[in-house]
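Visitor: give me a model of this one.
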Amino acid sequence: MLKADWQPLLPQSDLAGNSSNIFPVYSDRRVTHVRLNIHPDGGVARLQVHGHAVPDPRLVDAGPLDLAALENGAVVTGVSNEFYGRPQQLIAPGLARNMGEGWETARRREPGHDWVEVSLACEGMATLAELDTSWFLHNAPGSASLTGIGPGGEIALLPRTRLQPDTRHRFVLDAAPGVDRVRLDVFPDGGMARLRLWGRPTPAGRAALGRRWFDALPDVQALEVLGAAGVTPQVAGQVVGARPLAGELPVEVARLVDGPVT
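Guide: Numbers count the residues shown, from 1 in each chain. Model (predicted):
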């Protein structure tokens, strides 16, 4: 983040000692760094900043995207059970280092099965799924399925399929329409380390991703991005001043924000 782009997220606020001090933050701009100022001095045990990832869509254009990755903006929106492990860990970066870094449900004593739902980074067409049961030796699900949810309703991405314990399973998916949510069903219960869903955004998904990113850029960065793309300063100033973006954009701006024409 450029020095000129620093913006106050939280005004100087009183803290209580030996406590977790929680403050809501209201910002419509994307940030990559935060600076903590303490007045006049003292100690802080932990700093946590919660929010949603807003990926740079220019990286998306270079190749397949993990549509279910937390770092790309995916969010867990529902879960049946999280007795032993939080479902958010399913879509966390990197590989799980132990069972505690995955999602695990309690053992079922009644009919049915467990599930977790993920809102994807954007609407996309999934081509490869990874269901990773690493570290789960005696408590992995016996089988699992993946269902996509999109404008056309529910779509079976992966039928119920037998799983092995402590294994990174990869499944090539049949061609299917774009989806913006996915539900992982595990039968009957158990633990899973990671869920990956590789694919490409639909044109609508890429445009939504690009506009969300561009609207969240600080003014100086937005002007620089447009300038690097060959947009004249006059047009760049008009576009940045008119945010949030809506409707049709100048061709050179649309190519950057909405994605290449295919």
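
Visitor: tell me where the stretch 101-250 of the chain has helices.
Guide: 203-216, 219-228, 233-241 (DSSP state H, counting those that start in this stretch).

Visitor: following the last one, which helix or strand shows up next?
Guide: The element immediately downstream of helix 233-241 (helix or strand, assigned by DSSP states H and E) is helix 251-257.

Visitor: can you list the weak-confidence ranges in the stretch 51-200 of the chain?
Guide: The stretch 51-200 of the chain contains no residues with pLDDT under 70.

Visitor: one more pass at 90, please.
Guide: For the stretch 51-200 of the chain, applying pLDDT under 90 flags the ranges 51-52, 58-63, 109-110, 152.

Visitor: tell me which of the helices of the stretch 101-250 of the chain is the most buried.
Guide: Most buried of these by mean neighbour count (mean count of other C-beta atoms under 10 Å) is helix 203-216; its value is a mean of 21. Where C-beta positions appear, they are placed from N, C-alpha and C, glycine not excepted.

Visitor: who's in contact with it?
Guide: Identification of contacts with helix 203-216 by C-beta atoms under 8 Å, 6 or more residues apart in numbering yields 28-30, 54-57, 60-61, 73, 121-124, 178, 180, 201, 222, 225, 243-245, 256-259, 262.

Visitor: buried subset of those residues?
Guide: 30, 54-55, 57, 60, 73, 121-124, 178, 180, 201, 222, 225, 245, 256-259 (16 or more other C-beta atoms under 10 Å).

Visitor: strands - which of these land there?
Guide: 121, 122, 123, 124, 180, 201 (DSSP state E).

Visitor: which pair in these spans the largest distance?
Guide: Using C-beta to C-beta, those span at most 10.1 Å, a distance reached by 180 and 201.

Visitor: related to what we said a few turns ago, wait, which of the helices of the stretch 101-250 of the chain is closest to residue 139?
Guide: It is, among those and with distance given as C-beta to C-beta, helix 203-216, at 35.1 Å.

Visitor: so what's the gap between that closest one and the chain middle?
Guide: 14 Å (C-alpha atoms, centre = their mean, to the nearest Å).

Visitor: cool, and stretch 70-83?
Guide: For stretch 70-83 - counting by C-alpha atoms, centre = their mean - the centre lies 9 Å from the chain centre.

Visitor: the chain should start at 820 in everything you say after this.
Guide: Renumbered: residue one is now 820, and that last one reads stretch 889-902.

Visitor: buried set for that stretch?
Guide: 889, 891, 892, 893, 894, 895, 898, 899, 900, 901.

Visitor: can I get the ones in strands among the buried ones among the contacts of helix 1022-1035 in a markdown table including distance to residue 918?
Guide: Output for these, formatted as a markdown table (distance: C-beta to C-beta, whole Å):
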| residue | distance to residue 918 |
| --- | --- |
| 940 | 26 |
| 941 | 31 |
| 942 | 33 |
| 943 | 30 |
| 999 | 30 |
| 1020 | 33 |
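
Visitor: and of those, the nearest to residue 951?
Guide: When these are compared for distance to residue 951 (C-beta to C-beta), residue 940 wins out at 18.6 Å.

Visitor: surely that closest one meets residue 888?
Guide: Yes. Between residue 940 and residue 888 there is a contact under C-beta atoms under 8 Å: 6.7 Å.

Visitor: got the contact list for residue 983?
Guide: 952, 959.

Visitor: how much space between it and residue 1011?
Guide: Noted for residue 983: a distance of 12 Å to residue 1011, by C-beta to C-beta, to the nearest Å.

Visitor: any common contacting residues for these two?
Guide: Common neighbours of residue 983 and residue 1011 (criterion: C-beta under 8 Å, 6+ apart): 952, 959.

Visitor: burial count for residue 992?
Guide: As a burial measure, residue 992 scores 18 neighbours (other C-beta atoms under 10 Å).

Visitor: next up, phi/psi of it, please.
Guide: For residue 992, the backbone dihedrals are phi -100, psi 150 (criterion: degrees, to the nearest 10).
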